[in-house]
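K.L.:
Can you look at this prediction? I've put the sequence above it.
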Amino acid sequence: MPARTPPHQVSPSNPDVQEIQTLPERRIDMPYAPAMRVTGGADLLFISGATPSPLYHRHPHELDEHDHPNDIGEQTRRALGAIKSILDHEGLVWTDVVKVTKYVTDMRDMDGMVMVLRQAFGDWTPASTTVCVNQLSTPGARIELDMIAAYPRG
């Protein structure tokens, strides 16, 4: 097995989660890590996509439950609120998140979305992918986030 380079940063809430930066001097330029290492056989939590809609809503959709603000920042805050409720339920925090997938309907929303994500994550930068899609599950939704988090051992 090849030797591992030391991680750039270790999660303050979970020593099994480590940020990998191949060019640490460029970290300030990026809102995400190129890779995250999860060691020690951690248990993982896969969080379903969250939109600005309430986490629990009826299916088929009833549009009165999906009245989204137009602002991408507020839509991002609402999606993060749903995810935080799941993390809280499981006793996890943002620094346990190792992967974020962001679905947006307009790539011009990236800066506003990233600003709100940074408010939640602080200087923790999980691995990340952004996908631009034509439409999300309800009219007016401009963002959907899904995440993977690692439980600390013990």
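P.N.:
It's in.
K.L.:
Sketch out the low-pLDDT regions of this protein for me.
P.N.:
Low-confidence segments of the chain (pLDDT under 70): 1-3.
K.L.:
show me where it has strands.
P.N.:
Secondary structure of the chain (DSSP state E): strands located at 9-10, 17-20, 35-38, 44-50, 97-104, 127-132, 143-150.
K.L.:
gap between residue 122 and residue 46?
P.N.:
Remark: distance between residue 122 and residue 46 (C-beta to C-beta, to the nearest Å) = 23 Å. (Each C-beta comes from the backbone N, C-alpha and C, glycine too.)
K.L.:
got a list of what the residue positioned nearest the centre of the chain touches?
P.N.:
Geometric centre of the chain, nearest residue: residue 100, 3.6 Å, by C-alpha atoms, centre = their mean. Neighbour list for residue 100: 32, 117, 126-129, 145-147 [criterion: C-beta atoms under 8 Å, 6 or more residues apart in numbering].
K.L.:
Let me see the contact set for the closest residue to residue 8 other than its chain neighbours.
P.N.:
Leaving aside its chain neighbours, residue 8 sits nearest to residue 21 (3.8 Å; criterion: C-beta to C-beta, 6 or more residues apart in numbering). Applying C-beta under 8 Å, 6+ apart to residue 21 gives the contacts 8-9, 27, 33-34.
K.L.:
so which of those residues is the most crowded?
P.N.:
For the contacts of residue 21, counting by other C-beta atoms under 10 Å, the largest number of neighbours falls to residue 33: 23 neighbours.
K.L.:
Quick check: the gap between it and residue 148.
P.N.:
Look at residue 33 and residue 148: by C-beta to C-beta, they are 13 Å apart.
K.L.:
where's stretch 10-24 relative to the chain centroid, distance-wise?
P.N.:
In terms of C-alpha atoms, centre = their mean, to the nearest Å, the centre of stretch 10-24 is found 16 Å from the chain centre.
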